[in-house]
Structures are given as C-alpha cells and as structure tokens.
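Chemist: my questions are about this predicted structure, shown below with the sequence.
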Amino acid sequence: MKEVLIVNDSNPLSKKLTAGFCSSFFCRLKGLMFRTKIPYDWGLLLVQPSESRVDSSIHMLTVNFDLGIVWINMAGEVVDLAVAKKWIGIKMPKVPAKYILEVDPAWLDEFKIGDKISFVDL
C-alpha cells in the first residue's frame, strides 16, 4: 500500500502525519478491522471513486479502538469530523465526501471544517 503525507494547508499540523492510501474496494472494506491499535502518527486514507454520503460512511464492526474521522471532499476541503467508537455502528458524514481519513482521535483537534487538505506521495 502506498503512503502519503497528510498536509493541512490551512493550519499546519503540529506533527508529521502519514497515512496508507487505500483506494481499492477490498482495502476500503477491510480498513482497520482486526488491528489491535493504530500508531499515533499514522492513519488510513480511504479513497472513494466519487463523492457520496453513503459511500463515504464507515463501519466500526471488529475495530478494536476509537477513531477520529476526517471527511474530505474532492476539492480537498474538510467537510465533517467525528469520533467513531470501537465496535459501535456506522458513521456517515453530513455532506458528501470522497476521502475518509481515519486517525487517532487526538488528531481531530488539528482539523476544522473548511480546512484545505493535500496529500503528498512518499
């Protein structure tokens, strides 16, 4: 899986954040299921074929830790944020998104709706 650097062009992040770039159906389906933890400085960037509320929803079944979720539209703007609790249901953004960044919940303080985000190949 390729890795990308997450850059908040509107408000620089306090630390380096990298993410796995997950664009295939099976990669998105598996997500972070069955892992025991997520490193603080790493996340998973789920990439949908197009913007959608339904397709950019996530499930937390068999995810063993809470996640911070940052939904980003195709223009690179943060459109929604949420904490997803381990093993509890489905989270869906309030507006359509193309990218879903799954990170440690502490990262949510570093993002705001409207922030411009870019991804740099590593």
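Modeler: Done, it's in.

Chemist: dihedrals phi and psi, the residue nearest to the spatial centre of the chain?
Modeler: Nearest to the mean C-alpha position of the chain, by C-alpha atoms, centre = their mean, lies residue 101 at 1.0 Å. The phi/psi pair for residue 101 (degrees, to the nearest 10) reads phi -100, psi 120.

Chemist: does anything pack onto the lowest-mean-pLDDT helix or strand in the chain? Which helices or strands?
Modeler: Using mean pLDDT, DSSP states H and E, helix 25-30 stands out as the lowest-scoring helix or strand of the chain, at a mean of 87. For helix 25-30, the elements it packs on are strand 42-52, judged by 3 or more C-beta pairs under 8 Å, 6 or more residues apart in numbering; DSSP states H and E. For every residue, glycine as well, the C-beta is placed using N, CA and C.

Chemist: ok now the strand it packs on, how far from the chain's centre?
Modeler: 7 Å (C-alpha atoms, centre = their mean, to the nearest Å).
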